[in-house]
Each structure stands twice: as structure tokens, then as C-alpha cells.
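Chemist: My questions are about this predicted structure, shown below with the sequence.
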Protein chains: 2
Amino acid sequence: MTSRAVRLQAPKTLRQSTFDLVKRSMLDGEYLSGQILSANSLAAELGISNSPVREALMDLTSLGLVEVVRNRGFRVRQMTEQDRQEVLEMRRIVEVSTMERLTERGVSDDELTIADGLAHDFVSLLREERVRDHLDADHRFHMYLIGLLGNSRISQTVENLRDQTRICGAFVDIPLDTLQTCADEHLDLIDALRSRDRLLVRSLMERQLEFAAARGALTHGGGDAAAPLAVPLRADTATIPR
Amino acid sequence: MTSRAVRLQAPKTLRQSTFDLVKRSMLDGEYLSGQILSANSLAAELGISNSPVREALMDLTSLGLVEVVRNRGFRVRQMTEQDRQEVLEMRRIVEVSTMERLTERGVSDDELTIADGLAHDFVSLLREERVRDHLDADHRFHMYLIGLLGNSRISQTVENLRDQTRICGAFVDIPLDTLQTCADEHLDLIDALRSRDRLLVRSLMERQLEFAAARGALTHGGGDAAAPLAVPLRADTATIPR
């Protein structure tokens, strides 16, 4: 117990590394929607013990990215049309309002410089056609701005919603011209924040989300049979697979 | 494993009952802020095994209502001033926007009748001076309206934020005249939804939240030293106490 507790206090724990690795693979589309992940196989593959892997998978379960399948292990969450709509509706509410609040609060010149740097990282990656790195650059840009509000609950909620949008590589094959539009909008957003134009900030954020919605519908087929109800995020009737 | 799995599929599992009981005690102020809860003692008290109790406490941990304390057990979350501000800011964003969306969608006569019934339950309980039941009636009224949007993620988020507001009985000793104002506002909110007056719905919801903010500041002292940063809700560096 003591040695494990000490190890878990280290800068990046095995649990955290496994969490990051599995999440990365999901966002990159290396794991398929509905794919079963076995904690034991994953632990063997990584050459580590089962416990941190199981804990990492439980963390992903509580974030709604994987689900527990009794006696089988963990399954990469299959997002139904209902799930996708819920995530987007909540993103519209939280992300748009957060950016409006940020506009009201005002963004300092130093903060705008950092945001501008992040927006230009996105542009550079675009030139190099590194699509996956892009999505991360886009994520960093938006999360930086949201983080300026200093509300850890809002930041975590948005991060989780964005991960749910990107699950199973929904966005890895975005056409480059679409990304160019996105890059331009990032720069426009910085200008709108600088001039504290709340309505423009709002409409730019709404456009970014409309794009995510359209892309999601394309990737997920849009018309697939909606499940009767989304599975609640809190897995309170699930057993923890050993 | 099989018998446990079957038991967990039953209508209300021991894990769920324990979860509800501990949450209830927290909201009623029977557990103090910062109080240590031992899974073993709680299990002995309830005459059940440790596992469902530990699982229920882990569920409460992932909701940010209790936190894991290494080698000691679980501690009832101490909400700092920063936590309180974060919860209220997020409630303002999510609850107000949700009610605005609901106004745009429109609420049917049948739905308004149900909401009206719930608002009148609140009024009846007020007459009987049953303060604790009230808070539940208030919760049911708002959660019913939010639920009409049919977005399980929004409903769960709001439920959790409201629980965090009420943690440690912050609201159990509300003066009756304040509750009367709250009761009147519920009826006004129904009228505003009926006439689809989005601005009025917005201002009524904002007033309900201002009241929660003022009450919270009163109960929590308001001026206590803000912690440097709120502990993230995801307890990803914690060990699970056995």
C-alpha cells in the first residue's frame, strides 16, 4: 500500500500514463467504436501490472468514454445519435456562454498574445498537413481561452465534452480546406475578444460548433437508429471487472 | 461474481441505497464539512458488506461530494469559496441557458400542469413548515423542467451542481419568508414559460440563483480564505481505500 501510494504521487503515474495512452488511441481512431478492451491484455502489452490499467479504464468509464461490460472488460463507448446531439447541445450552452463571459471579463494583451501563438501553431501544422496534431492544437487553443475564466469545473466539463465529440477518430480525416476555415476563425475570434465584441464572439463560437456538428453527422452517418435513451454517465449499476 | 452481478441488477442495489443514504445525510447537514467517513464503520452500521459501501463512496467521490483520504477513508468535501463560486457560475451558465432553450422549444399544457403540481407541493410543504422536504420539492420542480429538454448530460450536470450547492446542509435553516419568495417565483416561472417570455424566464432563473449565492455566502461565511485552486473533480491520483 505504501509503495503504491508513493508511486501514485510521482509526476505521472502508471494510471495516468495508461489513461492518456488509451484516450489518445481513442481520439486518433485506433480503437473502434464498440471495441472491447481487456485490462489484462493491455497490462501485458504495456508490461505493467493490472491495477493501474484497470484504474485508468475506470477513470475513462466515469468520463463516459468507455463502458463496463460485465465479465468481458471495457468497451469503447458507442456514441448514438442521441449522445452526439446531447454533447453538442451542452457544448453550445457551455462553450458559447463561457466565451461570452470571457469577453465581458476582458482578455489582457499578454493572454491575447498566448492565444495568438496557439492559433498560429494551428496554422503551421496546417501547412505541414499534420492533421492529427492539428486537432490537438485546436483543442489547446480553445481550452486555453476557456481556462482564462479560472473555473476548473467548466474547463473539465468542456474538455470531457470535446473528447466525447472526437471519440473514435471522428475528426481525423477532415479536409484541409475545412481546417483552413477553422484556422481563420481562430484569428477572428482573437480579434473579437480584443475588441470585446460579444455578439461576434458568440457567432464565431456557434460557427465552430456548427462545423463540429456537420462533421459529426458525416462521420457517424447522422441517420443511424437513435438509441431510446443515452446510458447515464454515472455507471452506478456496473460492477468493476477484475 | 454471478450472484453479485444479479444483485446489482435489482431495482435498488445496496450500492445505490448506500449512495442515496449518504447523500441524503450530507444534504441534510447530518455530516459535517470535512468529516471522515469510514467505509468499514458505515458497513457495520448498516449491517452490510464493505464492497457496496466502498463503491457508493467512490461514486460520491467521482461526483465531487466526498474525497478520498489516503489510509483514512473518505472525507465529506469541504467546499472552499472558490468551489462555491465555480459551482454558481456553472449553474448560471447551464441552468439559465437550459431554461431559455426550453422556452424556445415550448412547454406543453400537460407539462405545465405537472410543473404547476410540483410548484404547489412546495407551497403546501411551506405551510406545514417542513423545511427539509421543501428543498427536495424545490429540487424536483427545477429538475423536472430541466428534464423536459431530454438531455441526460445536462440533467446530470445540473443535479450534481445543485447537490454541491446543498452539501453539508447549507440551506436547511432558510427563513420561511425567503422560501415564500421562492415559491412565488416558481409560479411566475410557470407563467413565463406558458407565455414563452424568454427574457422573463431568464431573469427569474437568475434571481433564483442570486438567492442561492446570497444564502451560500451567509452559510459558508463568504470571506473565508479561498483555497489556491479547487481540487479537480476527477480523483485520478487517488488510491481506492480498502
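Modeler: Arrived safely.

Chemist: What distance do you get for the residue nearest the centre of chain A to chain B?
Modeler: Centroid-nearest residue in chain A, with Cα atoms, centre = their mean: A:D163, separated by 2.0 Å. According to Cβ to the nearest Cβ, to the nearest Å, A:D163 stands 12 Å off from chain B. Where you see a C-beta, it was placed from the backbone N, CA and C, and this is true even at glycine.

Chemist: which residue sits closest to that residue in space, ignoring its chain neighbours?
Modeler: Once flanking residues are discounted, A:D163 sits nearest to A:L65: 6.2 Å by Cβ to Cβ, 6 or more residues apart in numbering or on different chains.

Chemist: residues near that neighbour, how many?
Modeler: 25 (other Cβ atoms under 10 Å in any protein chain shown).

Chemist: A:I114 against A:F141, yeah?
Modeler: No. If you go by Cβ atoms under 8 Å, A:I114 and A:F141 don't touch, sitting 9.9 Å apart.

Chemist: gap between stretch A:108-128 and the chain center?
Modeler: The chain centroid and the centroid of stretch A:108-128 are separated by 19 Å, computed with Cα atoms, centre = their mean, to the nearest Å.

Chemist: And chain A, what are its domain boundaries?
Modeler: Chain A resolves into domains spanning A:2-76, A:81-220 when parsed by automatic domain parsing.

Chemist: Any idea which of those domains has the lowest pLDDT on average?
Modeler: Note on the domains of chain A: domain A:2-76 shows the lowest mean pLDDT, a mean of 85.

Chemist: tell me the contacts of A:Y31?
Modeler: A:22, A:25, A:37, A:76, A:168 (Cβ atoms under 8 Å, 6 or more residues apart in numbering or on different chains).

Chemist: Now for A:L187, how many residues are close by?
Modeler: There are 15 residues near A:L187, going by other Cβ under 10 Å.

Chemist: Roughly how far does A:D173 sit from A:E128?
Modeler: 17 Å (Cβ to Cβ, to the nearest Å).

Chemist: Which single helix of chain A contains the most residues?
Modeler: helix A:81-105 (DSSP state H).

Chemist: and that one with chain B, contact?
Modeler: Yes. Counting by Cβ under 8 Å from any Cβ of the partner chain, chain B has neighbours in helix A:81-105: A:85-87, A:89-90, A:93-94, A:97-98, A:101.

Chemist: Taking helix B:81-105 as reference, get the angle to that helix.
Modeler: 120 degrees (axes from the mean of the first three to the mean of the last three Cα atoms, to 10 degrees).

Chemist: Next secondary structure after helix A:81-105?
Modeler: helix A:109-127 (DSSP states H and E).

Chemist: what residues does that following helix touch?
Modeler: By Cβ under 8 Å, 6+ apart, helix A:109-127 touches A:107, A:133-134, A:137-138, A:140-141, A:144-145, A:148, A:176, A:179-180, A:182-183, A:186-187, A:189-190, A:193-194.
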